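Asker: pasting the structure only:
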């Protein structure tokens, strides 16, 4: 039976309990908010590990591939310049997926004005609601 993981925090906790199943023997450095997330030992050598729920998040987080040896993820949804290890038996059940958007200066100024009014949590929330409104209008 597959284990459902909702977010990167849950994945980190799972990884700390199950790293040996992935071939590592011990943890040198645990996640403390500094890139990379972990340094582990495999075959008596240190391995720098970045955890991501989806491999594409490595790209979205703008991580430097030269400072990591492997990415451990739940689902490989993008190729990277570093080896990717998929954690078997896990399902990423998170409801949100990160996307990137490029907007001009005028649009970002409008978004910032909308944020000042306080009806939205953040820029992503504004974009999400705008897309919902557009979809309703098209129906």
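Answerer: Great, that's in hand. Since this is a predicted model, take the numbers as computed values, not measurements.
Asker: Could you list the low-confidence segments of this structure?
Answerer: Along the chain, segments meeting pLDDT under 70 span 95-100.
Asker: what residues go with each domain of it?
Answerer: Under the assignment automatic domain parsing, the domains of the chain span 3-92, 105-138.
Asker: Tabulate those domains (TSV), appending mean neighbour count.
Answerer: Quick note: C-beta positions are derived from backbone N, CA and C, even for glycine. As requested, these are arranged in TSV below (neighbours: other Cβ atoms under 10 Å):
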stretch	mean neighbour count
domain 3-92	16
domain 105-138	11
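Asker: In the protein, what residue spans correspond to helices?
Answerer: Using DSSP state H, the helices of the chain run over 8-18, 56-60, 105-117, 123-138.
Asker: Identify the residue spatially nearest to residue 18, adjacent ones excluded.
Answerer: Nearest residue to residue 18 in three dimensions, chain neighbours excluded: residue 87, at 7.7 Å (Cβ to Cβ, 6 or more residues apart in numbering).
Asker: was I right about residue 15 contacting residue 52?
Answerer: No: assessed by Cβ atoms under 8 Å, residue 15 is found out of contact with residue 52, at 10.9 Å.
Asker: shared neighbours, the two?
Answerer: residue 72 (Cβ atoms under 8 Å, 6 or more residues apart in numbering).
Asker: contacting residues for residue 50?
Answerer: If a contact means Cβ under 8 Å, 6+ apart, then residue 50 has 35, 36, 37, 38, 58, 63, 68, 70, 71, 72 as its contacts.
Asker: So the fifth one is in contact with residue 70, correct?
Answerer: Meaning residue 58. No: counting by Cβ under 8 Å, residue 58 stays clear of residue 70, with 10.6 Å between them.
Asker: Find residues that contact each of the two.
Answerer: Contact with both residue 58 and residue 70 is made by residues 50, 82, according to Cβ under 8 Å, 6+ apart.
Asker: Looking at the chain, which strand is longest?
Answerer: Ranked by residue count, the top strand of the chain under DSSP state E comes out as strand 45-54.
Asker: now the angle between helix 8-18 and that one, please.
Answerer: Per axes from the mean of the first three to the mean of the last three Cα atoms, to 10 degrees, the angle that strand 45-54 makes with helix 8-18 is 140 degrees.
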